[in-house]
Structure formats: structure tokens, C-alpha cells
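Asker: For reference, the sequence and a predicted model appear below.
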Amino acid sequence: MRKPGDAIEDAGIVAETADHLEEAYRRYEEALGIAPYIPTNRERIEVVFYDLPNGARGAASPPDGPIQLNSRLWKAMPGIRQATAAHELFHKVQYAVGFRRSWPEFKENDVLKWFSEGTASWAEVRCVSRVSDANKISELFARPDYGLFRASYGSTPFWIHFETLLKGAGRDGVKDFLERIRDTGDPAKAIEEALADLPDGSPRNVEALYQSFVRAALFGRWQTLTTGELLYASVFGPDDKSIEPTLITERHDLVRGQTYKRADLLERMAADVYEFTVPTDAPVGFRLTVAVKPNARFDVQVLHRVKDGEPQTASAERSGDTHGWSSAKLPEGTSWVAIILTCYTRNGSYTLNAAIE
Ligand SMILES: [Zn+2]
């Protein structure tokens, strides 16, 4: 039943929206080689305006249903139109490769949102270099500990990082990924297959990819190509402002003779990042122990920088205890040490001790 609030009276807005959808359709078909899904026995995708609840900008499910666009927000926030059109139409591209149609049913509700909403939001960036909500870009930077698999729309920069890595190898990451996920419906597996023939030292699976994303995010290089250019020169929010996310880290000044201690809990596919300043008046012996809950799987990455030089990976050696790491002797002049803890299992608790001597 249509309500008065559903209507868009301005024919110019309707025509503009049609242009955005047609342009996105053309781009997906040409660049990805995948036409958005249209139900058999239909010739077109139906598009309707509704006064949708809960601030949703649009909706595109079930697969056979119409694309629904939020008439109220459409009028109030012109900056969302182009990105939302690209986003909702990309859900139809997902249906074309089997999502919600031929893939096995998901056991957990919402379990694939990091794929479905993440890649549809990534498509906004890919298609029009903007997103309908700046949080889609900034959320994972503000909360690296939230967990990629819980992140939904917020997983967008992770997908851009994935695309950046593949682009560096001369491949189209979006196209590559969609071709691989078509048969399996398993995003992690499709990522692993796409990464398989990248150069040595590249991440090989979704876990290593998340770790490499966090590291790239720390240095603001999550979308920097091997040539030094940015994959997307700018990503704009609905207010036409460029979004420049900064990774939120735990910062602390290390003092000789004092141990920094921290105990915390991490979600699956989540990270905590610590940054320490180090006094540069003498050579630095750096002691780090990270004890993690038995059966929890973690990665610990230690980075250091001499003065204003490039960050380097410090050799953090695993101690005899498989749940601990330690490292020592950083070069003279080391002024900064960072620790990236990435957890791959649920409710991974850890304690971290860091000290200089
Ligand atoms: Zn969506």
C-alpha cells in the first residue's frame, strides 16, 4: 500500500535517479562483465520509492523484489542518491552470482554482511568514488577491534585494500573475486583463491589480508598502489567532503624501568594496535611478552622506526611457549614501536607486557 510519504513529486529527482541507476548498470555490465539480476519472466528491474523505516537509504531484497529507495532521505539528502543507486543495484549483481539464490543457506543470521553490505558499499566507491554514509569508510579505522566479520557496511575499506593489492598485480579485484565466489558462495575462499598467485610476501588468506589491512591502515596506505598512487584519489561522503580516516590506536610513552601492562579481549578477525614512543638517548633493548588464552589464535606484529625513517618489521620471535612472543635489541635511534595484535578466534583474551631496558 503506497502512503503519501512515499511519493517523489519532483520529476527531476526521478529522472536523476534513473540516470544514476542506468550509469551504474552500464558500469557493472561493462567493467565486471556481470549484468545485475533480473528475475526470469521479467525484462526490467522494478524501482520504487518508499518512506523506508530506520534510516535505511534503500533496500534490494528479496532477489526477485524491486529496488526500494527511501523517498524521505532522497529529498532531504541529495548527496546519497548516486551512491545509494550504485549500492542497491550492486545487490542485484550479487544475486546474479548466486547470493540469496543458489548459495547454501547461512547458518547464522547476518553472517555474510561483511560480504553483502561490504562489497555493495565498495561498489559505491568503485562506481562513483563516494559513499552514502561516511561511516562505511571510517568505522573499521575507529574500531579495528570490532571484528571484520561483524562489520557489515563498515568492512568497505578492507575490500578496497583487497582491490588495491590485486590491482598492484595488474588484476581487477572486484571482477576476480566475483568470478570466484560464483561457484562457492564462500567469500573467504574466494579471497584466498584470488590471492594465490600474488607475489611473494603477499597475504594468502582472509586472516593475513585483515592483518595486512590493519598495518596499511596504520600508515594510511590502505589504498596505495605499488606505484605510490592512490587507487581512489578521493572518497566523498554525502556532504561532498573527502573522507580521510585515521586508525585509532592505544598510545603510550615507554619509560625505562617501567613495564606497560595491558589485558584485553579481542573478537574474531579483530585487531588492537599499540604505539609506543621510545626515548632515543641510548640503545634500546625492547622486551615484549604477549600471553594469549589457550586455543586462541593470534598474530603479533612488531614494527619500529628509527627517527623519521620508514617503519620496519622487527623480528619478534616466538618464545618457547607457543602463546608468547618476545623480541630484543632495536637499532640505535629507534623512536617508535608499534604492536599489531590480530585475533582469529572468538573471545581471544591476551595480556601484553612491554618494557625497554
Ligand atoms: Zn545494502
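Answerer: Sure thing, it's come through. Numbering: from 1, shown residues only.

Asker: Could you use CA atoms for every contact and neighbour count after this?
Answerer: Will do.

Asker: Roughly how far does the spatially most central residue of the chain sit from Met269?
Answerer: By CA atoms, centre = their mean, the chain has its centre lying nearest to Phe158, at 2.3 Å. Applying CA to CA, to the nearest Å, the value for Phe158 to Met269 is 12 Å.

Asker: How about Ile191?
Answerer: Ile191 sits 15 Å away from Met269, going by CA to CA.

Asker: Report pLDDT for the residue nearest to Thr246 when sequence neighbours are not counted.
Answerer: Nearest residue to Thr246 in three dimensions, chain neighbours excluded: Phe141, at 5.9 Å (CA to CA, 6 or more residues apart in numbering). On the pLDDT scale, Phe141 is placed at 98.

Asker: Surely Phe141 is in a helix?
Answerer: Yes: counting by DSSP: H, G, I helix; E, B strand; the rest coil, Phe141 falls inside a helix.

Asker: Next, count neighbours for it.
Answerer: The number of residues packed near Phe141 is 21, by other CA atoms under 10 Å.

Asker: same check, this time on Met269
Answerer: Number of residues near Met269 (other CA under 10 Å) recorded here: 23.

Asker: From what I see, it and Asn347 are in contact.
Answerer: No: applying CA atoms under 8 Å as the test, Met269 and Asn347 come out as separate, 10.4 Å apart.

Asker: Spell out which residues make up each domain of the protein.
Answerer: What automatic domain parsing lists as the domains of the chain is 1-102, 128-248, 250-356.

Asker: could those be laid out in CSV, adding distance to Gly118?
Answerer: Putting those into CSV (distance: least, CA to CA, whole Å) gives the following:
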stretch, distance to Gly118
domain 1-102, 10
domain 128-248, 5
domain 250-356, 15
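
Asker: and among these, the most buried is which?
Answerer: domain 128-248 (a mean of 19; mean count of other CA atoms under 10 Å).

Asker: and that domain, how far apart are its ends?
Answerer: 27 Å.

Asker: Trp103: what's it in contact with?
Answerer: Residues counted as contacts of Trp103 (CA atoms under 8 Å, 6 or more residues apart in numbering) are Thr184, Gly185.

Asker: Give the bridge partners for Val300, please.
Answerer: Taking DSSP bridges, one finds Leu341 as the beta-bridge partners of Val300.

Asker: Quick one, grab the pLDDT at it.
Answerer: Val300 carries a pLDDT value of 89.

Asker: Kindly report the same for Phe106.
Answerer: Confidence score, pLDDT, at Phe106: 67.

Asker: cool, the one 10 residues further on as well?
Answerer: Among the per-residue scores, Ser116 holds a pLDDT of 95.

Asker: Using the three-state scheme, assign it.
Answerer: Ser116 carries the three-state label helix when classified by three-state DSSP.

Asker: Spit out the contact partners of Arg251.
Answerer: By CA under 8 Å, 6+ apart, the neighbours of Arg251 are Tyr274, Glu275, Phe276.

Asker: Try it again at 10 Å.
Answerer: Val273, Tyr274, Glu275, Phe276, Thr277, Ala338 (CA atoms under 10 Å, 6 or more residues apart in numbering).

Asker: Which pair of the residues you listed spans the longest distance?
Answerer: Val273 and Thr277 (13.5 Å; CA to CA).

Asker: related to what we said a few turns ago, the residue nearest to Thr246: what's it in contact with?
Answerer: By CA under 10 Å, 6+ apart, the contact list for Phe141 reads Asn135, Gly154, Ser155, Pro157, Val214, Ala217, Leu218, Pro245, Thr246, Leu247, Ile248, Thr249.

Asker: My guess is the fifth one contacts Thr246. True?
Answerer: Which is Val214. No: counting by CA atoms under 10 Å, Val214 sits too far from Thr246 to count as a contact (11.0 Å).

Asker: tell me, what's touching the two both at once?
Answerer: The contact sets of Val214 and Thr246 overlap at Leu140, Phe141, Gly220 (CA under 10 Å, 6+ apart).

Asker: Return the closest of these with respect to Glu29.
Answerer: For these, the nearest to Glu29 is Leu140 (29.7 Å; CA to CA).

Asker: Just give me how far stretch 306-314 sits from the chain centre.
Answerer: Relative to its parent chain, stretch 306-314 has a centroid offset of 26 Å by CA atoms, centre = their mean, to the nearest Å.

Asker: neighbouring contacts of it?
Answerer: Outside stretch 306-314, the residues that touch it by CA under 10 Å, 6+ apart are 219, 280, 301-305, 327-339.

Asker: let's see it at 7 Å
Answerer: Outside stretch 306-314, the residues that touch it by CA atoms under 7 Å, 6 or more residues apart in numbering are Val302, Leu303, His304, Arg305, Gly333, Thr334, Ser335.

Asker: Now for the last one: which residues touch it?
Answerer: By that I understand Ser335. Thr277, Val278, Pro279, Thr280, Arg305, Val306, Lys307.

Asker: ends of stretch 31-40, how far apart?
Answerer: Terminal residues of stretch 31-40 lie 23 Å apart, using CA to CA.
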